[in-house]
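1. Would you be able to build a 3D model of this:
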Amino acid sequence: MYGASTEAKPMNRARSPRRSGKRPGPPSSTDGSGAEPSPSSALQASVLVLNRLYLAIHVVNVRRAIALLYRELAEVIHLEDGSFANYDFDSWLEMSELRAELKEPQDDWVRAVNFAVQVPRVIRLLGFDRLPKQKLHLSRRSVLARDGHVCQYCGGRFPAHQLSLDHVTPRSRGGTNTWENVVCACLRCNVRKGGRTPHEARMKLVRRPHKPVRNPILLLKLSNPKYESWKTWLNGGQ
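-> Okay, the predicted model is just below:
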């Protein structure tokens, strides 16, 4: 499902001596003011996980990624100008301090009580070299991602809360819950179609539903500039 690219050239591993005194804890779920983050905050971003052999295996949220770094189970892989460097938790904090004045629009930052850290885009597990069995799950989120949040009957693009899933051949008529029979539909079109087939409802599909070759959620993320570095590690984006 995933594959590693050989385009990036590794730099020397960046390790820092352990700081004297108490080591700072990982950022909490607040922004330093005690307020809970909004759904659009940096803590809601995603981090690509590589195994020890630099093969992409998973995607986790920022909280999980920083916890793995703090427990020394993973390291940051930071790509810049075609080369990458490896950072442990402490050296990544130091790098974050240096980059604090050079923030890019696509960067995400998490602030703890007494320090701020740039959200890594890629981390590497230090003690895991297996490739877990990958399965393409059919879910509401994955169907909406496959169809680009576009109603497959009227062709309109809608936010997620205004979309539903429709079985092209209704379940009551023997339709299956498969990629080839489930599409994204706006609420109005779903009500209009009801328990009928598109032919019976005189409605035409924008495109015939199919099982995607690659993970549609991952492909949707790759269209976001902040995840540009993921392309180095993904073979075809699946």
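
2. can you tell me which residues contact Leu138?
-> Leu138 makes contacts with 177-179, 182, as judged by Cβ atoms under 8 Å, 6 or more residues apart in numbering. To be clear about C-beta, it is placed using only N, CA and C from the backbone, and glycine gets the same treatment.

3. Just send those back as JSON lines, with pLDDT too.
-> Formatted as JSON lines, the contacts of Leu138 follow (pLDDT from 0 to 100):
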{"residue": "Asn177", "pLDDT": "96"}
{"residue": "Thr178", "pLDDT": "96"}
{"residue": "Trp179", "pLDDT": "96"}
{"residue": "Val182", "pLDDT": "98"}
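
4. what ranges do the helices span in this structure?
-> Listed in chain order, the helices of the chain (DSSP state H) span residues 62-70, 89-99, 140-146, 187-193, 216-222.

5. How far does the last one sit from its chain's centre?
-> Put plainly, it is helix 216-222. Distance of helix 216-222 from the chain centroid (Cα atoms, centre = their mean, to the nearest Å) equals 7 Å.

6. So Leu50 is in contact with Ala56, correct?
-> Yes: under the contact definition of Cβ atoms under 8 Å, Leu50 touches Ala56, with a separation of 5.6 Å.

7. For this structure, identify the residue most remote from the centre.
-> Here the centre of the chain is the reference, and by Cα atoms, centre = their mean the most remote residue is Glu200, at 38.8 Å.

8. Spit out the contact partners of that one.
-> Counting by Cβ under 8 Å, 6+ apart, Glu200 makes contact with nothing.

9. Same question for the one 3 residues further on.
-> With contact taken as Cβ under 8 Å, 6+ apart, Met203 is in contact with 153, 189, 192-193.

10. Identify the farthest-apart pair in the contacts of Leu138.
-> Greatest spacing in these, by Cβ to Cβ: Asn177 and Trp179 (9.3 Å).

11. Go through the contacts of Leu138 and say which is closest to Glu104.
-> Proximity of those to Glu104 (Cβ to Cβ) peaks at Trp179, which lies at 37.1 Å.
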